[in-house]
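> Just need the structure, nothing else, for what follows:
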Amino acid sequence: MKKIAILGATGSVGRQALDVIEKFPDRFCVTAMTAHHASEELLALAKKFGAKYIGVTGSLGDLEFEKKVPKGVSVVFGIQGLLESCSVGDPDIVLIAVVGIAGLPPLIECLDRGVNVELANKESLVCGGHIVKQKMKTSKSEVFPVDSELCAIYQCLGGMDTTGVRRIILTAAGGPVFDWKKEDIEKATVEQALRHPNWRMGKKITVDCATYMNKGLEIIEARWLFDLPPEKISVVVHRQSIIHSMIEYNDGAVIAQLGPTDMREPIQYAFGHPDRLSSVVGYLDFAKIGTLTFHEPDLDKFPCLRHAMDALREGGSLPLIMNAANEAAGDLFLERKISFGDIEKNVAFAMNKFAHLPGNSLIEIYTTDKEVKNYIYNNV
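Residues are numbered from 1 along each chain as shown. Next up, the predicted model:
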């Protein structure tokens, strides 16, 4: 039986991961779980899955919450809860499904400890990829990407290196405003941006899909996970989300990974690896699927993808700065303080204004992240 720690248990990915665990009670158990808020939901999940450790990251203490924690269960507040969850109960794999740069410290903790990681937090690689990559070279940990696209590439490689790979092709669903005019896209409402046609995800990542920033973050994530140069990473819009991504080899052969449009599929793959467990989401019916379509991404209508490509090519701290601005602007959009079009404008502005800021060490990464976000939050 594999022991699993869930960081971000009450989020979209965390809940779907627990759904997979519940389907295989003889294969998986939960050692620890964390959430940003001290909620009744977190307590209920800890009780249901038998977790003996709870971490609450968004608070430094809550006496009323502590009184409700079941006997025999430890509760820790702040970032320490994230870090300790990577070791308490000796987990076989840690699912990192927290939002934003908060995923970087537990990822490094797991790599230092040699604990396998199921990574559903692309920002940690976008912001600290150079640090993580160095640790991955010497760590005994295996990192399984949970993004359907990155997991697809991982599966297509089948444990082989990237020798002979001409390029990887990440597929994008195109989001809810794919066929809108540019002037209409810039005025999209929160409700419209959150209406993803295919995937059920949290608000932050859903907005990122609408701007194409999510795909931009993925190309940077792919660069570090698979050690590929920018020119070997491409994007194609595939509206049906049946092909999750592809690898094109030098001889022209293309290997694709297909599957149901459900995040539980890549989660289950990583939990079960190297075994292939019976699907919890069902199987494809190709006769019903019918036609699969492909389009070039429109970088004029969706410039966030272009910004990410530029950040990947330029390197340095630019991906970190881009990510920080995007997180802050996305928050402001969800709070209805700026328009949908303003997200991209804030990203472009920050990449120009703060390009000089450093991002080599963890301290510099957090300092730069904070400075960029504070500027965006305070200058709407």
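> can you give me the strands in the stretch 251-380 of the chain?
With DSSP state E, counting those that start in this stretch as the criterion, the stretch 251-380 of the chain has strands at 254-258.
> Which parts of it are helices?
264-272, 286-289, 303-314, 318-334, 340-353, 362-378 (DSSP state H, counting those that start in this stretch).
> Just say which of those is most tucked in.
The highest mean neighbour count among the helices of the stretch 251-380 of the chain, using mean count of other CB atoms under 10 Å, belongs to helix 318-334: a mean of 25. Every C-beta, even on glycine, is put in place using the N, C-alpha and C of the backbone.
> Can you name every helix or strand that that one contacts?
Contact here means 3 or more CB pairs under 8 Å, 6 or more residues apart in numbering; DSSP states H and E; on that basis helix 318-334 packs against helix 123-138, helix 190-193, helix 203-211, helix 213-226, helix 303-314, helix 340-353, helix 362-378.
> Confirm that Arg166 sits in a strand.
Yes: membership of Arg166 in a strand is supported by DSSP: H, G, I helix; E, B strand; the rest coil.
> got the contact list for it?
Contact analysis of Arg166 by CB atoms under 8 Å, 6 or more residues apart in numbering lists Lys232, Glu248, Tyr249, Asn250.
> what does Val56 give?
Going by CB under 8 Å, 6+ apart, the list of residues near Val56 reads 34-38, 42, 62, 65, 75-78, 81.
> could the helices of the stretch 251-380 of the chain be laid out in a markdown table, adding mean pLDDT and distance to Val88?
As requested, the helices of the stretch 251-380 of the chain are exported to a markdown table (pLDDT from 0 to 100; distance: least, CB to CB, whole Å):
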| stretch | mean pLDDT | distance to Val88 |
| --- | --- | --- |
| helix 264-272 | 95 | 19 |
| helix 286-289 | 93 | 44 |
| helix 303-314 | 97 | 36 |
| helix 318-334 | 97 | 29 |
| helix 340-353 | 97 | 37 |
| helix 362-378 | 96 | 22 |
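> Pipe those helices into a markdown table and attach distance to Pro105 per row.
Formatted as a markdown table, those follow (distance: least, CB to CB, whole Å):
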| stretch | distance to Pro105 |
| --- | --- |
| helix 264-272 | 21 |
| helix 286-289 | 41 |
| helix 303-314 | 22 |
| helix 318-334 | 15 |
| helix 340-353 | 23 |
| helix 362-378 | 8 |
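> For His238, find the nearest of those helices.
helix 286-289 (11.9 Å; CB to CB).
> which other residues reach the closest one?
Contacts of helix 286-289 (CB under 8 Å, 6+ apart): Gln240, Ile242.
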